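# Any chance you can model this:
(chains A and B)
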Number of protein chains: 2
Amino acid sequence: MSDPRPIGVFDSGLGGLTVVKELFRTMPHETILYLGDTARSPYGDRSEAAIRKFSVQNARFCLTQNIKMLIVACNTASAIALDDIRQIAGDIPVIGVVVSGCKAAVVRTAEKKIGVIGANATIRSDAYSISIQSLDPSIKVYGKPCPLLASLVEVGMIESEIARLTVQYYLYELVDCGIDCLILGCSHYPLLMEVIQGTVGTNIQLIDSAFWAAKEVQDILQALDATAGADVDGIGKSRFFVTDHSPNFEQAAGRFLGQSAISPTTIDLEHR
Amino acid sequence: MSDPRPIGVFDSGLGGLTVVKELFRTMPHETILYLGDTARSPYGDRSEAAIRKFSVQNARFCLTQNIKMLIVACNTASAIALDDIRQIAGDIPVIGVVVSGCKAAVVRTAEKKIGVIGANATIRSDAYSISIQSLDPSIKVYGKPCPLLASLVEVGMIESEIARLTVQYYLYELVDCGIDCLILGCSHYPLLMEVIQGTVGTNIQLIDSAFWAAKEVQDILQALDATAGADVDGIGKSRFFVTDHSPNFEQAAGRFLGQSAISPTTIDLEHR
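Here you go, the predicted structure:
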């Protein structure tokens, strides 16, 4: 049985398009319904109450669009609001990028020492430590908030000397801890992959949550026998929603998704 | 006649506390009513439609609080939404930091060349050029968006090597243009004053909009004979509202206001 319904993906902004890019690459026949809360991004310094409220509003919108599963592409929302989202999702499967990244890291660390970088709220929540230690309590987790990194990506300073210095500034302590895996705990960080790898060296494996979330979605849909038919033009049928059509949308879509020829629909979530 | 009503001040977030700091310094007997839209900051990359909508919601709240005048401390809101706010303000005077900064710069430039730095939306709006050239059409205005600078202040990297490099990266072109005044067109930038002055040299005068807005408020209240009585403990009676009580509030309040011992009240603007 095939299931032509779209996969819902939401993010605090446009960084979650890195997950969509991986979904398109892994499963080109799947249709995506993407929502970016661009009127209220970033979430990384909001209170837990605000993150929960915004995430539930985002999820509620996606759930009205006849989706077959929901991916929380925002690490902050995934770290803090996943239970709230599952409560309103009924029997629609919900996965968050946090758990996908943790599963990948746990089977890859030989030293049993994993580093995690992300926004302030993501690291403060301890969601990564909790998730990793529920899989293997013997693993040590070293979290480091890196609040400027997402801003660097937002303004397009990806391969600059400033980006290199900032990455060094945030990561030198983590490297000293002896980690052998580093989870990129923010949807913006895959764009800094080269700078980060250059800084931490090749002995530390980088875990891109977007990539592993896409893999997990594929596994789940195959297990449920709910993939789309091979005749579906998933990419062509995918739809993109934002809460604010900001002037940098095209540029950001190009940067995160690898293509900019998408026209978003603007919606208002505030009364949901 | 004295007027004990508070002065309303709103900002997209907490950067506008730099204006409150100047108001407290200039007029310690005035009571301030501050609103920071911390659930939706920053505004600098939002669409004009969103900036107008959020600014009007902020203004509407302040106007329900029996204020005697309203200061738009956010340069982006001031650049884009001042007319919309004046339309709903009735006979309550409204001033924006953009015009205050321009007035100060126009009387200070000998070379008739003024630089302006700010968020993307602020510079894109051309509000500074329009305001300066309405005062003196012979002045040339050089605008430069510096989107990473506010983020640097937000994360507290104020005197770092990274801040110095970023300021150099943004400002070297402006210096080459031969400007002799530089308007700091974002409420965060006063905290980078030393780094900026060190980069552009002492031949370029920095114009701090927060300082000049406070001066203008004082002039207006004196002209209207509407200052507070000298017996009022303005600072003690001032009230602070936010749309999200984020965990970094104390730290940010300390950084922007010079004191952190204020307790904000959280309000919801979304239904206004």
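
# and A:Arg5, helix, strand or coil?
Assigned with DSSP: H, G, I helix; E, B strand; the rest coil, A:Arg5 falls in the coil class.

# dump the residue contacts of the closest residue to it other than its chain neighbours.
Distances taken as C-beta to C-beta, 6 or more residues apart in numbering or on different chains put A:Lys68 closest to A:Arg5, at 4.0 Å, once the chain neighbours are dropped. The C-beta positions use only the backbone N, C-alpha and C, and glycine is treated the same way. Each residue near A:Lys68 by C-beta atoms under 8 Å, 6 or more residues apart in numbering or on different chains is listed here: A:3, A:5-7, A:92, A:221, A:226.

# do A:Thr227 as well
Counting by C-beta under 8 Å, 6+ apart, A:Thr227 makes contact with A:2-3, A:27, A:29-30, A:218, A:221.

# Likewise for A:Asp126?
A:Gly143.

# From A:Gly185, how far off is it?
In this view, A:Asp126 and A:Gly185 are 12 Å apart by C-beta to C-beta, to the nearest Å.

# again with A:Ala213
12 Å.

# Find the residues that touch each one of these two.
In contact with both A:Ala213 and A:Gly185: A:Gly101, using C-beta under 8 Å, 6+ apart.

# Let me know the closest of the contacts of A:Thr227 to chain B.
Set against chain B, the nearest of those by C-beta to the nearest C-beta is A:Glu30 (29.9 Å).

# Ignoring the adjacent residues along the chain, who's closest to the closest one?
In space, and not counting its chain neighbours, A:Glu30 is closest to A:Gly234: 4.5 Å by C-beta to C-beta, 6+ apart.

# go on, A:Ala252?
Of all residues not flanking A:Ala252 in the chain, A:Leu14 sits nearest, at 4.4 Å (C-beta to C-beta, 6+ apart).

# Stretch A:30-37 - what's its average pLDDT?
Stretch A:30-37 shows a mean pLDDT of 97 in the predicted model.

# And stretch A:86-102, by the same measure?
Stretch A:86-102 shows a mean pLDDT of 96.

# and if you look at stretch A:110-118?
In this model, stretch A:110-118 has a mean pLDDT of 98.

# residue boundaries of the helices in the stretch 151-272 of chain A?
For the stretch 151-272 of chain A, the helices defined by DSSP state H, counting those that start in this stretch occupy A:161-176, A:193-200, A:209-223, A:234-237, A:249-257.

# buried ones in the third one?
By 16 or more other C-beta atoms under 10 Å in any protein chain shown, the buried positions in helix A:209-223 come out as A:209-214, A:216-218, A:220-221.

# Compare the contacts of A:Thr227 and tell me which has the most neighbours.
Most neighbours among the contacts of A:Thr227, by other C-beta atoms under 10 Å in any protein chain shown: A:Glu30, with 26 neighbours.

# That one contacts A:Val9, correct?
No. The criterion here is C-beta atoms under 8 Å, and A:Glu30 misses it with A:Val9 at 10.5 Å.

# and for these two, which residues touch both?
Contacts common to A:Glu30 and A:Val9, judged by C-beta under 8 Å, 6+ apart, are A:Leu23.

# Which residue ranges of chain A form strands?
A:7-11, A:32-36, A:69-72, A:94-96, A:113-118, A:140-145, A:181-185, A:205-208, A:239-242, A:265-266 (DSSP state E).

# how far away is the closest residue to A:Gly201 other than its chain neighbours from A:Val200?
Ranked by C-beta to C-beta, 6+ apart and with sequence neighbours excluded, the top spatial neighbour of A:Gly201 is A:Val175, at 7.4 Å. Going from A:Val175 to A:Val200 by C-beta to C-beta gives 5 Å.

# hmm, back to that, which residues touch the residue nearest to A:Ala252?
A:Leu14 sits next to A:36, A:38, A:41, A:242, A:249, A:252-253, A:256 when contact means C-beta under 8 Å, 6+ apart.

# Quick check: residues of chain A near chain B?
A:38-40, A:45-47, A:49-50, A:120-121, A:124, A:147-148, A:151-152, A:154-155, A:157, A:160-162, A:165-166, A:169, A:244-248, A:270-271 (C-beta under 8 Å from any C-beta of the partner chain).

# In PyMOL, how would I select the buried members of those residues?
Buried subset of the residues of chain A next to chain B, written as a PyMOL selection, criterion 16+ other C-beta under 10 Å:
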select buried, chain A and resi 38+39+40+45+46+47+50+120+121+124+147+148+151+152+154+155+157+160+162+165+166+169+244+245+246+248+270
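
# what's the residue closest to the geometric middle of chain A?
Nearest to the mean C-alpha position of chain A, by C-alpha atoms, centre = their mean, lies A:Ala73 at 3.4 Å.

# for the residue nearest to that one when sequence neighbours are not counted, what are its contacts?
Nearest residue to A:Ala73, sequence neighbours excluded (C-beta to C-beta, 6+ apart): A:Gly16, at 3.1 Å. Neighbouring residues of A:Gly16 by C-beta under 8 Å, 6+ apart: A:9-10, A:34, A:36, A:73-74, A:187, A:256.

# Kindly report the same for A:Cys186.
A:15, A:44, A:75-76, A:117-119, A:122, A:146, A:149-150.

# A:Arg86 too?
Counted by C-beta under 8 Å, 6+ apart, A:Arg86 has contacts A:Val94.

# Could you check how far it is from A:Ala213?
Distance from A:Arg86 to A:Ala213, by C-beta to C-beta: 16 Å.
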